[in-house]
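K.L.:
Could you look at this predicted model? Sequence included:
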Amino acid sequence: MSSSTTHRPECSVTALYVALELGSREWLLTMSRGPAGTRHRARVRPGDRDGLGRALAHAKERLGLAGAAPVRSCYEAGRDGFWPARFMTALGVENVVVDSSSIEVPRRARRAKTDRLDGEKLLRMLLRWWGGERAVWSVVRVPTPAAEDARHASRSLTTLQTERTRYRNRIHSLLALHGVPPLRLDARFAERLGAARDWAGEPVGREATARLLETWRLLQAVETERRGRRRAERARVAAGAPAPTCAQRLARVGGVAARTATILSDELFARNLTTRREVGALSGLVSAPYQSGARRLDQGLSHSGIPAVRRIAVQLAWAWLRYQPTSALSAWYRERFGRGGPGTRKVGIVALARRLLIALWRYVTMGVVPVGALVKA
C-alpha cells in the first residue's frame with residue numbers, strides 16, 4: 001500500500017460519484033452528483049456488468065446528469081483485492097482503492113455501523129478527495145495482474161512455513177501432554193512413536209497415537225510442498241539472465257538470501273515506490289510521535305504497512321551485521337548502539353532495519369550500492 005495518490009483531483013466537471021460497499025452476495029452503490037446533491041442507492045450482484053451499467057444509467061437520469069457524464073468511484077481495499085478496480089476501469093469508470101486504515105472514524109466507544117452509513121461516509125470522502133483534499137485518505141496503487149500473480153509464489157512458501165511450524169508444535173505438545181520425551185520428526189517417527197512410553201512407562205494410547213500419526217502425515221505433506229517451493233525459489237533467484245530481476249539484484253548483495261530477496265522484491269520494491277518515506281511507511285518501522293501542548297512522547301513503532309516486510313527486515317538487519325561488518329551501516333550501528341544493553345541493541349536493530357531497507361531500495365531503483373557493502377560478482 002502507498003499513501004501517495006494516483007489521480008489529480010479535479011471537480012470542475014460534473015460527474016457521478018459512486019461509493020462501493022463490496023459484499024460477497026451484492027454490492028451497495030451510494031451515488032450523488034455533489035456534496036449537497038440527492039443520494040441514490042442501488043444494489044447489484046458482484047461482477048454483473050449489465051446490472052452495474054443499468055444502475056449507473058438510472059442514477060444519471062434520476063440525478064439530472066447527461067448520459068456521457070464521467071463516473072468516479074471508490075471502495076475500501078479488502079478481501080476482494082483489486083479485481084473490482086480493474087472491473088470498474090474496464091467500464092470506463094475512474095476508480096480509486098482506499099486504504100481502510102486511513103479512513104477517519106469517530107472516537108466514541110460505540111457508534112452505529114451499517115453498509116448504508118459506511119457508503120454515505122465513503123461517498124462524502126470521495127467528494128472531498130476530488131474536491132482537492134488529498135490528505136483525506138490514502139490511496140492504494142493497483143498492481144498489474146502479472147505483479148499480483150507473481151506474489152503468490154512467495155506467499156505460498158510463507159504459508160507452508162507457518163503450517164510446518166504449527167504441525168510440529170502440535171506434535172510436540174501432544175507428546176508433552178502424555179509425558180513422552182521429544183521425538184525426532186523424521187521418516188522414522190511412526191516407528192519411534194510405537195516404541196515410546198508415557199510418564200508411567202505405558203505405551204501411548206490408541207487414539208492419541210492415531211492423532212499423532214495423522215498430524216505427522218499432514219506435516220510430511222507440507223514438508224514436501226515446502227521443499228519444492230523452496231527449490232523453485234532458489235533456482236529462480238540464482239538463474240542468470242541478461243536483464244536480472246529485482247530479486248536477482250538483491251541476492252547479489254552479501255547477507256541477502258534468496259528468501260529475503262524474493263519477499264522484499266515481491267512485497268515492497270515491486271510497488272514502484274518513489275520516496276524513502278513510502279519505504280518506511282510500508283515497512284511499519286517508523287515511530288509514531290505524540291505531542292499535545294507541553295507533553296511530548298514517542299509511542300513506539302506504528303506497526304502499519306506489511307508485516308512480512310517488517311519481519312524479514314529485522315532478520316536481515318542482524319544478518320547484515322554478520323556478513324557486512326565493514327559497511328557504513330554496520331559501523332553506524334556499532335557506534336550508536338553497539339556498547340549498549342540488550343534493550344538498546346534491540347532499538348538499534350530496528351533503526352538499522354529501516355535504514356537498510358532504504359539503502360536497498362536505492363540500490364535496486366538507482367543502482368547505488370550501500371556504502372562499504374560487498375556485492376557478489
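P.N.:
Looks like it arrived, so ask away.
K.L.:
Name the surrounding residues that touch stretch 335-349.
P.N.:
Contact with stretch 335-349 is made by Val314, Ala317, Trp318, Tyr333, Ala351, as judged by CB atoms under 8 Å, 6 or more residues apart in numbering. C-beta: built from backbone N, CA, C; applies to glycine.
K.L.:
What helix or strand is Ala19 located in?
P.N.:
strand 16-22 (DSSP states H and E).
K.L.:
hmm, who's touching that strand?
P.N.:
27-34, 46, 56, 59-60, 63, 65, 69-76, 78, 80, 84, 88, 93, 115, 118-120, 122-123, 126-127, 130.
K.L.:
Stretch 171-190 too?
P.N.:
168, 192-193, 196-200, 204-205, 208, 211-213, 215-216, 219.
K.L.:
The helix or strand just after the strand holding Ala19 - contacts with which helices or strands?
P.N.:
Sequence order places strand 27-32 as the next helix or strand after strand 16-22, per DSSP H and E. When contacts are defined as 3 or more CB pairs under 8 Å, 6 or more residues apart in numbering; DSSP states H and E, strand 27-32 packs onto strand 16-22, strand 40-44, helix 49-62, helix 115-130.
K.L.:
the strands in the stretch 201-350 of the chain, which residues?
P.N.:
287-292, 295-301 (DSSP state E, counting those that start in this stretch).
K.L.:
Just put those strands in TSV and tack on mean pLDDT.
P.N.:
Shown next, in TSV, are those (pLDDT from 0 to 100):
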stretch	mean pLDDT
strand 287-292	79
strand 295-301	79
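K.L.:
deepest of the helices and strands packed on strand 27-32, which one?
P.N.:
Greatest average neighbour count among the helices and strands packed on strand 27-32 goes to strand 16-22 (a mean of 24), per mean count of other CB atoms under 10 Å.
K.L.:
Pull the distance from that one to the chain's centre.
P.N.:
Centroid separation for strand 16-22 versus its chain: 24 Å, with CA atoms, centre = their mean, to the nearest Å.
K.L.:
For the most centrally placed residue in the chain, give its distance to Phe269.
P.N.:
Centroid check for the chain by CA atoms, centre = their mean gives Ile306 as the closest residue, at 3.9 Å. Distance check for Ile306 against Phe269: by CB to CB, to the nearest Å, it reads 12 Å.
K.L.:
Which pLDDT does the model give Phe269?
P.N.:
At Phe269, the model reports a pLDDT of 91.
K.L.:
quick one: contacts for the residue nearest to the centre of the chain?
P.N.:
Met1, Glu267, Leu268, Leu282, Ser283, Gly284.
K.L.:
what about the strands in the stretch 51-200 of the chain?
P.N.:
Taking DSSP E, counting those that start in this stretch as the criterion, the stretch 51-200 of the chain contains strands spanning 71-76, 94-98, 139-140.
K.L.:
Could you export the helices and strands packed on strand 27-32 as JSON lines, including mean pLDDT?
P.N.:
Shown next, in JSON lines, are the helices and strands packed on strand 27-32 (pLDDT from 0 to 100):
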{"stretch": "strand 16-22", "mean pLDDT": "96"}
{"stretch": "strand 40-44", "mean pLDDT": "95"}
{"stretch": "helix 49-62", "mean pLDDT": "95"}
{"stretch": "helix 115-130", "mean pLDDT": "93"}
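K.L.:
Tally up the residues packed near the nearest residue to Met88 once chain neighbours are set aside, please.
P.N.:
Closest residue in space to Met88, ignoring its immediate chain neighbours: Asn95 at 4.1 Å, by CB to CB, 6 or more residues apart in numbering. A total of 22 residues lie near Asn95 under the criterion other CB atoms under 10 Å.
K.L.:
Now do Asn95 against Gly47, distance only.
P.N.:
14 Å.
K.L.:
ok, now Ala313?
P.N.:
Taken as CB to CB, the span from Ala313 to Gly47 is 37 Å.
K.L.:
Name the residue in these two with the higher neighbour count.
P.N.:
Each of Ala313 and Gly47 has its neighbours counted (other CB under 10 Å); Ala313 has more, 25 against 12.
K.L.:
ok, for the more buried one, nearest residue in space, not its chain neighbours?
P.N.:
Ala353 (4.1 Å).
K.L.:
just Gln161 next, same as before
P.N.:
Arg226 is the one closest to Gln161 (CB to CB, 6+ apart), at 6.4 Å.
K.L.:
from what I can see that neighbour touches Leu157, true?
P.N.:
Yes: between Arg226 and Leu157 a contact is recorded at 6.8 Å, counting by CB atoms under 8 Å.
K.L.:
quick one: which of the two has more around it?
P.N.:
Leu157 (20 against 17).
K.L.:
The more buried one against Arg229, yeah?
P.N.:
Yes: here Leu157 reaches Arg229: they are 4.4 Å apart, a contact under CB under 8 Å.
K.L.:
Now do Ser190: how many residues are near it, please.
P.N.:
Careful, residue 190 is Ala; it's not Ser. 12.
K.L.:
for His303, same thing?
P.N.:
Neighbours of His303 under the rule other CB under 10 Å: 11.
K.L.:
what about it, distance to Val350?
P.N.:
Going from His303 to Val350 by CB to CB gives 11 Å.
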